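A.B. asks: okay, predicted coordinates and the sequence, questions at the end:
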Amino acid sequence: MPHAPTKQKIAINAGPPHPDLPVEEDGRLNDPVLRENFLTCMYAYSAWQQLCQEGLTRRGLTDFHSRYKYLLMAHNPVQYKTLGHLLGNMGHTDPQELGPRYFSELMSALKKCPTRRTHANALQHLSGYLKQAISGEEKQKVQHVISQYRLGIVPLAVPLTLLNHHFRQHPDPYIAQQVYLQPHPENLSLRNAIR
């Protein structure tokens with residue numbers, strides 16, 4: 001007589017209980033770009049879970065999106081604009097209804113690994129916040145380093161380190177909240193291997 005299926009098998013066959021939970025094959029995590037992207041998604045997932053525990057509000061959704069602006073821009077510029085419009089037109093929509101759709105689309109966008117071009121674009125936008133704060137010579141240095149990254153001469157950590165240095169010297173409250181500059185704990189050093 002065949003054994004009845006276990007509850008675990010039934011749950012697996014019914015589909016994943018958390019469809020937006022990042023998943024990656026362990027062998028692919030040897031690739032530094034895929035590893036960094038996976039952990040970026042994991043930390044975004046965790047931040048979303050925390051927001052949901054606090055209770056989804058229109059303000060909470062808007063603030064969350066604002067913090068992820070440049071990370072989204074680096075991962076998927078088209079989806080960055082789409083999600084901005086989605087929240088910009090939320091009107092009186094119940095955040096409990098809109099939130100899951102927003103987050104599902106955010107996670108879909110973050111699954112796409114950034115390219116040198118999209119990273120350079122996000123870095124250029126961030127550097128714009130320094131235009132009144134640093135000298136012309138320092139601005140040229142920032143642009144030069146971003147260009148070197150875009151051309152594959154230096155790794156991503158080089159322009160990020162330079163921008164973070166300037167933002168420490170000239171703090172900006174909006175930039176300070178940007179996840180792009182630190183999407184996971186610094187001690188993991190995940191971006192050091194990204195060329």
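C.D. replies: Great, that's in hand. Residues are numbered from 1 along each chain as shown.
A.B. asks: so which strand or helix has the residue lying closest to residue 101 once chain neighbours are set aside?
C.D. replies: Nearest non-adjacent residue to residue 101, counting by CB to CB, 6 or more residues apart in numbering: residue 86, 7.6 Å away. C-beta: built from backbone N, CA, C; applies to glycine. Per DSSP states H and E, residue 86 falls inside helix 77-88.
A.B. asks: returning to what we had before: isn't the residue nearest to residue 101 up against residue 104?
C.D. replies: No - look at residue 86 against residue 104 with CB atoms under 8 Å: they stay out of range, at 11.2 Å.
A.B. asks: neighbour-wise, which of those two wins?
C.D. replies: Legend: neighbour count by other CB atoms under 10 Å for residue 86 and residue 104, higher for residue 86 (18 against 12).
A.B. asks: residues contacting that one?
C.D. replies: 98, 101, 102, 105 (CB atoms under 8 Å, 6 or more residues apart in numbering).
A.B. asks: tell me which stretches of this protein form helices.
C.D. replies: Applying DSSP state H to the chain gives helices spanning 7-13, 32-54, 58-67, 69-75, 77-88, 95-110, 116-127, 136-150, 157-169, 173-176.
A.B. asks: just the pLDDT for the residue nearest the centre of the chain.
C.D. replies: Centroid-nearest residue in the chain: residue 71, 3.6 Å away (criterion: CA atoms, centre = their mean). Note on residue 71: pLDDT of 97.
A.B. asks: quick check: it vs residue 174, distance?
C.D. replies: 14 Å (CB to CB, to the nearest Å).
A.B. asks: just to check, residue 64 is in contact with residue 48?
C.D. replies: Yes - assessed by CB under 8 Å, residue 64 is found in contact with residue 48 at 7.3 Å.
A.B. asks: what residues are shared contacts of the two?
C.D. replies: With CB under 8 Å, 6+ apart applied, the contact sets of residue 64 and residue 48 do not overlap.
A.B. asks: thinking again about what came up before, so which of the helices of the chain is the most packed in?
C.D. replies: Compared across the helices of the chain, helix 69-75 shows the largest average neighbour count, a mean of 23 (mean count of other CB atoms under 10 Å).
A.B. asks: can you name the residues in contact with it?
C.D. replies: For helix 69-75, the external contacting residues (CB under 8 Å, 6+ apart) are 40, 44, 79-80, 83-84, 106, 109-110, 112-114, 118-119, 121-122, 125-126, 178-181, 183.
A.B. asks: quick one: contacts for residue 158?
C.D. replies: Shown in contact with residue 158 (CB under 8 Å, 6+ apart): 145, 148, 149.
A.B. asks: scratch that, residue 87 is what I was asking about
C.D. replies: Counting by CB under 8 Å, 6+ apart, residue 87 has contacts 61, 62, 65, 98, 102.
A.B. asks: is it possible to get TSV of those that adds distance to residue 166 and pLDDT?
C.D. replies: Conversion of those to TSV gives the following (distance: CB to CB, whole Å; pLDDT from 0 to 100):
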residue	distance to residue 166	pLDDT
61	30	95
62	27	94
65	25	96
98	36	93
102	32	95
